[in-house]
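# A predicted structure for the sequence below; I have some questions about it.
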Amino acid sequence: MIIQLQPSIKSEEKQAIITKVNSLGYKTTEVITQRGSYLVGIGKKDFDLRQVGYMKGIADIHRVSDDYKLVSRKWKVEPTAIDLGEGVFIGNGNLSIMAGPCSIENEQQVDLTINHLQANGVRIMRGGVFKPRSSPYAFRGLGIDGLKMWHARARAAGIKIISEVMQVSQIEAMYPYVDVFQVGARNTQNFNLLDELGKVDKPVMIKRGISGTIEELLSSAEYVFSGGNEKLILCERGIRTYEKASRNTMDINAIPILKEKSHLPVVADPSHGIGIRDYVEPIALAALMAGADGIIYETHQRPEEAFSDGQQTLDFDESAQLIRKLKSAFELIASF
């Protein structure tokens, strides 16, 4: 059960609601976010919602049986849109394209990528400054100094930034320099990190775990929402299966399922989803046709020289072609 509280609710009215809900055998947890105040009721006893709905201070009340209640579409029918400012939105009828290198490498690379994105009308740049790598000897990113350099150049060009945060201690340092915090596949169930991102007033994109289920992804988002942050984006990035022909198995099925189960925007990552440059474009287009609100992929001026993930990274010509096709496909979908 989710009870939406009126902004003007008095403390005695709130306490009366809690007392009433508890008397029905439900445990209540108060959640205060950037956009509203809620009481989440957990219990199994069935009752008529009118027993509570009449009380003063309640804006609305919903029965939600899912374990992930706040991110469920069962109480919020209208899809959520994330406003990054300056006319940049993710979700609810907008095509969001996020592109950039796997790793931020140097100033020249950042400038070349920004020029490429501007030339193709893309407003969000992805890139990593803290890189989780399977080998301790691989390039692990430029760190906060690299982020500051990237941020200064992106801001001057009107480009928004999405970058991965790997641990709680990085949040405060990164906060002034990112527009969207990305939680990578290896950290999808890092609950300490998710709890802290719930306290942040900036959007968070959560990638599906390497072997994670759809329900586990939604539960991870619930952690952040219940901590106070409603600005959430879900990302399907492929899962590990027994198949060896590609890096991961891109679960296109997950996109319409997530859109049906949750009101949050859903973004697809075809670069990690398949891990092979030649197949990134068709997988990206398939994800868009399946209902994705956006596509995040990797591009580099010379993928063969990229510090990481070059095998799944598009060059700028390939990236420009994909952007054109995504925009055409989006127009086709809108005409249906």
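All right, it came through fine.

# okay, now the domains of this protein?
As given by automatic domain parsing, the domain ranges for the chain are 2-62, 82-335.

# Just name the most buried of these.
Of all these, domain 82-335 has the most neighbours on average by mean count of other Cβ atoms under 10 Å, namely a mean of 19. Where C-beta positions appear, they are placed from N, C-alpha and C, glycine not excepted.

# what residues does the helix or strand bottoming out on mean pLDDT in the chain touch?
When each helix and strand of the chain is scored by mean pLDDT, DSSP states H and E, helix 50-53 comes last, with a mean of 94. Residues outside helix 50-53 that contact it (Cβ atoms under 8 Å, 6 or more residues apart in numbering): Ile3, Ile17, Lys20, Val21, Leu24, Ile58, Ile61.

# Out of the domains of the chain, which is closest to Ser72?
When those are compared by Cβ to Cβ, domain 82-335 sits nearest Ser72, at 6.4 Å.

# can you give me the end-to-end distance of the closest one?
23 Å (Cα to Cα, to the nearest Å).

# avg pLDDT for it?
Averaging pLDDT along domain 82-335 gives 96.

# doesn't Val110 make contact with Met149?
Yes. Met149 is within contact range of Val110, at 6.9 Å (criterion: Cβ atoms under 8 Å).

# For Ala99, grab phi and psi.
For Ala99, the backbone dihedrals (degrees, to the nearest 10) come out as phi -140, psi 150.

# mind checking the SS state of Leu326?
Using DSSP: H, G, I helix; E, B strand; the rest coil, the structure places Leu326 in helix.

# My guess is it contacts Ala287. True?
No. At 9.7 Å, Leu326 does not count as touching Ala287 under the criterion of Cβ under 8 Å.

# Common neighbours of the two, please.
Ile295.

# who's the nearest residue to Ile233 once chain neighbours are set aside bridged to?
Once flanking residues are discounted, Ile233 sits nearest to Met205: 4.0 Å by Cβ to Cβ, 6 or more residues apart in numbering. With DSSP bridges as the criterion, Met205 is bridged to Gln182, Ile233.

# would you list the domains of the chain in a markdown table and tack on distance to Ser72?
Shown next, in a markdown table, are the domains of the chain (distance: least, Cβ to Cβ, whole Å):
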| stretch | distance to Ser72 |
| --- | --- |
| domain 2-62 | 8 |
| domain 82-335 | 6 |
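
# quick one: which of these is nearest Lys76?
Proximity to Lys76 (Cβ to Cβ) singles out domain 82-335 among the domains of the chain, at 4.3 Å.
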